[in-house]
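**Q** only the shape, not the letters, is given here:
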């Protein structure tokens, strides 16, 4: 008994140590006014890497934004049966990006860091676009045919494998790729539990529906979709554009209704972003770090999730999928996250003073649209969360296959495990599982970023080749 207690204490200690290394303040920089700028390992990895990739791609998010729009509207015939198009892969990745991070994440950033955190979310998104391009392009370069679902599959586990395992090697798997895939599966199980809890809580607050009833319906609908071979992409094709458009149009309505307040809101964002008020109060670090952390959490660039969808795209040039994934980060943060921010910042400060979390967002919506606004937020949270769950199980496919081989048993067992976690989360919130999900995405990011930095030249070569071809096509037309 003492031995088991010792072992459990060791694992608890190890768990908290890893969590602190990934998400805790690894470095604290003193600031004027008595505050400090705490920087976590993930911020230390992702922000410098984003800057590096932006420089190496010659400011891709700005320079090639028109090309991103052009690629998004292209229509190409698929070369493989059961494959998905580049835009469909973008929709799948957007389903998980445009999820809880756009509501819960933005609310948390503004609650802790004020309006200035929004500016730093924008900056992180621009840097993240370059990172998303690199990982999306690599996913295409190292994709392979999927014998179970049809079409293609891939992602970080596959490009990590190709980097570390040579063709003539007897090793069937790379340790780093295995660790990435395991981290991903742990993360997505944790997220499933968070999704269940968020949806049941929102419906309990808005409609007073007992969590058990909400959870049963959520799990039942999810099971019908994820346990079918070909339903995921079809459902997301309809859901994601509709829910994003509804949220965007509602925000435009609120902005027009409060157009006179808009200059003051932007002034507040920029003034607080550079800490003119917070520096004196010692809170400048909170402004930057909350904006940065929530921006990274929301757009997922660098975590290795989106490439699992990007690899499935049947597209005629790898760089095109990279551009589509870069555009996905723009949709997520610059558009949808900004919508959430505007809804809150256009609300009189005296109404939201002292409020945090979803109370802040629901109070803002009640101010703008009455009780209908609270109902709308509950409904949109359900849609965002539901699409996230469907999307992460699409991500899980290639990673389950990499770890356990091509068989329906392992694929189905993981889906059932995720559904169980969704059900458990709907009934109660277990902090340990939430933290386990955070550790999973943190480890994914570390393993993925190692590969991105090492393989970046391949993605940059693809970009150079794509731009050369575009110039040649323009010369022929001219």
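**A** Here it is on my side, so go on. As the structure is a computational prediction, the values presented were derived from the model and not from experiment. Residues are numbered from 1 along each chain as shown.

**Q** the closest residue to residue 460 other than its chain neighbours and residue 48: what is the separation?
**A** Once flanking residues are discounted, residue 460 sits nearest to residue 56: 5.8 Å by Cβ to Cβ, 6 or more residues apart in numbering. C-beta: built from backbone N, CA, C; applies to glycine. As judged by Cβ to Cβ, to the nearest Å, residue 56 and residue 48 stand 12 Å apart.

**Q** of the two, give the one with the bigger neighbour count.
**A** Neighbour totals were compared for residue 56 and residue 48, and residue 56 leads with 16 against 11 (other Cβ atoms under 10 Å).

**Q** close enough to count as contact, the more buried one and residue 459?
**A** No - Residue 56 is not in contact with residue 459 according to Cβ atoms under 8 Å; the separation is 9.0 Å.

**Q** sec struct for residue 229, please.
**A** Here residue 229 takes the coil state, with states given by DSSP: H, G, I helix; E, B strand; the rest coil.

**Q** so how many other residues sit close to it?
**A** 11.

**Q** next one: phi and psi at the spatially closest residue to it that is not a sequence neighbour?
**A** The shortest distance from residue 229 to any non-neighbouring residue, by Cβ to Cβ, 6+ apart, is to residue 149 (6.4 Å). Residue 149 adopts backbone torsions of phi -90, psi -10, taken as degrees, to the nearest 10.

**Q** test my guess that residue 149 contacts residue 396.
**A** No - assessed by Cβ under 8 Å, residue 149 is found out of contact with residue 396, at 11.8 Å.

**Q** ok, now which ones touch the residue nearest to residue 460?
**A** The neighbourhood of residue 56, defined by Cβ atoms under 8 Å, 6 or more residues apart in numbering, consists of 130, 456, 460.

**Q** go through the residues you listed and flag which are in strands.
**A** Assigned to strands by DSSP state E, none of the contacts of residue 56 qualify.

**Q** most neighbours among these, which one?
**A** residue 130 (25 neighbours).

**Q** okay, residue 414: pLDDT?
**A** Note for residue 414: predicted pLDDT of 91.

**Q** what do you get for residue 111?
**A** At residue 111, pLDDT is 65.

**Q** repeat that for residue 61.
**A** pLDDT, residue 61: 87.

**Q** these two touch, right, it and residue 129?
**A** Yes - contact between residue 61 and residue 129 holds when scored by Cβ under 8 Å: they sit 4.0 Å apart.

**Q** give me the common contacts of these two.
**A** The contact lists of residue 61 and residue 129 share 326, 330, where a contact means Cβ under 8 Å, 6+ apart.

**Q** of these two, who's got more company?
**A** residue 129 (31 against 24).

**Q** and that one, what pLDDT?
**A** Confidence score, pLDDT, at residue 129: 88.

**Q** show me the contacts for it.
**A** Residue 129 neighbours (Cβ under 8 Å, 6+ apart): 60, 61, 301, 326, 327, 329, 330.

**Q** nearest to residue 166 among those?
**A** Nearest to residue 166 among these is residue 301, at 29.2 Å by Cβ to Cβ.

**Q** residues making contact with the host helix or strand of residue 424?
**A** Secondary structure from DSSP states H and E places residue 424 in helix 408-427. By Cβ under 8 Å, 6+ apart, the residues outside helix 408-427 that reach it are 148, 185, 188-190, 192-197, 199-200, 211-212, 214-216, 218-219, 222-223, 226-227, 389, 392-393, 396-397, 400-401, 403-404, 430, 433.

**Q** and with 7 Å instead?
**A** 148, 185, 188-189, 192-197, 199-200, 211-212, 214-215, 218-219, 222-223, 226-227, 389, 393, 396-397, 400, 404 (Cβ atoms under 7 Å, 6 or more residues apart in numbering).

**Q** separate out the buried members of these.
**A** Among the contacts of helix 408-427, those classed as buried by neighbour count (16 or more other Cβ atoms under 10 Å) are 185, 188-189, 192-197, 199-200, 211, 214-215, 218-219, 222-223, 226, 389, 393, 396-397, 400.
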